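In: next input, structure requested:
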Amino acid sequence: MSHLQQVGHQVQVSDLYAMNWKATLDSRDFPARQPGRFDASLDSAVAFKDDTQNADIKAEQQKLLWADTVIFQFPLWWFSMPAIMKGWFDRVYAHGFAYGVGEFSDSRWGDRYGEGVMTGKRAMLLVTTGGWDSHYSARGINGPIDDLLFPIQHGCLFYPGFSVLPPLVLYRVQKMQPSAFTEACQQLAQRLDTLATTTPIPFRRQNFGDYQIPAMTLRDDILPEQGGFAVHVQES
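Out: Below is the predicted model of the structure:
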């Protein structure tokens, strides 16, 4: 944060643990909802439309709307983000705010995957791990780091419209020597200094011809013999 402020950026921070962030999406998030069975999507849509969401949810949504770039920093925990951060996405990404946006028809399937409320904003993951970089390599036992982060980068960030920058992943942080720590700080400073100029991951956009709607599969002529996460990233 201090590095960004020193070079003239305005910064807002959400320290979820310090905030004692409520991680569970439930009926308490929508105090004006009608009695009956809790429907997370429907109750979220009504509360967002009627401006009756809980104050902590609204505050985080306003931070997202304010920011040009959002950095999500977390330790890789059981191959994903910690539960408290997943709960942030569950609660802040309201229906009508991050999903359920735009036209749904035979030719469009909403404003998502490259379109949406976050269009024009950038996002980046800053991830720490206890494992070695080789553990997360193409043939590493934990699986390629790009595959592990794909649901977050493509699903949680690109889905509502963020341009997603390549992540900064720091390995073996619990046993990091002073020289390695200094190098990591330099890496981070370089990435922070180039947030506006770094080329985003070229994820394929949903409504621009690559996908068959409403099946939402790649066109048959695009990488016909391939599948998996990588096919949703355009070849350079």
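In: give me the phi and psi for the residue nearest to residue 187 when sequence neighbours are not counted.
Out: Once flanking residues are discounted, residue 187 sits nearest to residue 168: 6.5 Å by Cβ to Cβ, 6 or more residues apart in numbering. Heads up, the C-betas are built off the backbone N, CA and C, glycines and all. With angles defined as degrees, to the nearest 10, residue 168 sits at phi -110, psi 110.
In: show me where this structure has its helices.
Out: Remark: helices assigned in the chain by DSSP state H are 2-6, 40-50, 55-66, 83-92, 145-150, 178-193.
In: residue 21 is nearest to which of those helices?
Out: helix 83-92 (5.7 Å; Cβ to Cβ).
In: which residues touch that closest one?
Out: 14, 16-17, 21-25, 29, 56-57, 60-61, 64, 72, 74, 77, 80, 98, 156 (Cβ atoms under 8 Å, 6 or more residues apart in numbering).
In: do stretch 166-184 as well
Out: 75, 124-133, 135-136, 145, 149, 153, 187-188, 191, 198, 201.
In: now, of those residues, which are buried?
Out: 124-125, 127-129, 131, 136, 145, 149, 153, 188, 191, 201 (16 or more other Cβ atoms under 10 Å).
In: where does pLDDT dip in the protein?
Out: Within the chain, the stretches with pLDDT under 70 are 236.
In: and for it, the residue most distant from the center?
Out: residue 35 (32.4 Å; Cα atoms, centre = their mean).
In: show the contacting residues for that residue.
Out: So residue 35 contacts nothing (Cβ under 8 Å, 6+ apart).
In: could you check how many residues crowd around the closest residue to residue 93 other than its chain neighbours?
Out: Using Cβ to Cβ, 6+ apart and skipping the chain neighbours, the partner closest in space to residue 93 is residue 99 (6.5 Å). Residue 99 has 19 neighbours, counted by other Cβ atoms under 10 Å.
In: for the one 4 residues further on, same thing?
Out: By other Cβ under 10 Å, the residues close to residue 103 number 10.
In: do the same with residue 15
Out: Neighbours of residue 15 (other Cβ under 10 Å): 9.
In: then residue 179?
Out: Other residues close to residue 179 by other Cβ under 10 Å number 8.
In: quick check, central residue of the chain?
Out: Taking Cα atoms, centre = their mean, the centroid of the chain lies closest to residue 157, which sits 3.1 Å from it.
In: hmm, residue 119 and that one touching each other?
Out: No - here residue 157 does not reach residue 119: they are 11.9 Å apart, not a contact under Cβ atoms under 8 Å.
In: among the buried ones among the contacts of stretch 166-184, which two are most distant?
Out: Every pair of the buried ones among the contacts of stretch 166-184 checked by Cβ to Cβ; the farthest is 131 and 201, at 22.3 Å.
In: one step back: distance of the residue nearest to the centre of the chain relative to residue 107?
Out: 25 Å (Cβ to Cβ, to the nearest Å).
In: so how far is residue 139 from residue 204?
Out: Applying Cβ to Cβ, one obtains 26 Å for the distance of residue 204 from residue 139.
In: residue 173 too?
Out: From residue 173 to residue 139 the distance is 23 Å (Cβ to Cβ).
In: more neighbours: which of the two?
Out: residue 173 (15 against 7).
In: what about that one, distance to residue 123?
Out: From residue 173 to residue 123 the distance is 22 Å (Cβ to Cβ).
In: end to end on stretch 89-105, go ahead and measure it.
Out: 26 Å (Cα to Cα, to the nearest Å).
In: I should have written stretch 121-138 there, sorry.
Out: The first-to-last residue distance of stretch 121-138 comes to 30 Å (Cα to Cα).
In: how far is that stretch from where the chain is centred?
Out: Centroid displacement of stretch 121-138 relative to its chain, using Cα atoms, centre = their mean, to the nearest Å, is 14 Å.
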